[in-house]
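Trainee: 3D, please:
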Amino acid sequence: MGVGDHVLVKGRPSNLVFATLDEQGRPSQEYRTLFLRRLLAGGVLAPSFVVSSALDDTDIAHTVDVVAQACATYRKALDTGDPTPWLGGRPVKPVFRRHV
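Mentor: Below you'll find the predicted structure:
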């Protein structure tokens with residue numbers, strides 16, 4: 001989908017986390033929200049990608065398909081330079097953040 005420089009997957013193969021970057025390659029909560037919402041819309045709850053013996057080949061294939069669809073929407077947002085039409089609400093906030 002051409003988003004490999006913007007949706008980064010890191011970690012151990014059994015427990016992968018992803019980073020979401022904007023058009024300039026900066027970490028983006030707006031793009032993270034877009035990606036998470038598209039996954040949820042496809043029936044995949046994935047704040048990270050954890051492989052479990054409870055998952056069968058059908059589950060994994062479904063996840064791969066939903067991620068591909070999410071990446072297609074991500075590409076559209078990158079092309080327009082604005083993810084807000086696909087957010088469906090306010091962006092998620094990082095778990096770890098400064099409180100003043």
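Trainee: host element of the residue nearest to the spatial centre of the chain?
Mentor: Centroid-nearest residue in the chain: residue 35, 3.4 Å away (criterion: C-alpha atoms, centre = their mean). Secondary structure assignment for residue 35, by DSSP states H and E: helix 29-41.
Trainee: worst-scoring helix or strand of the chain, pLDDT-wise?
Mentor: strand 49-50 (a mean of 89; mean pLDDT, DSSP states H and E).
Trainee: so what are the sheet partners of it and their directions?
Mentor: Using DSSP bridges, the strands paired with strand 49-50 in its sheet are strand 15-20 (antiparallel).
Trainee: list the buried residues for the partner strand?
Mentor: Neighbour counts over strand 15-20 (16 or more other C-beta atoms under 10 Å) mark 18, 20 as buried. For the C-beta atoms, the positions are set from N, CA and C on the backbone; glycine is no exception.
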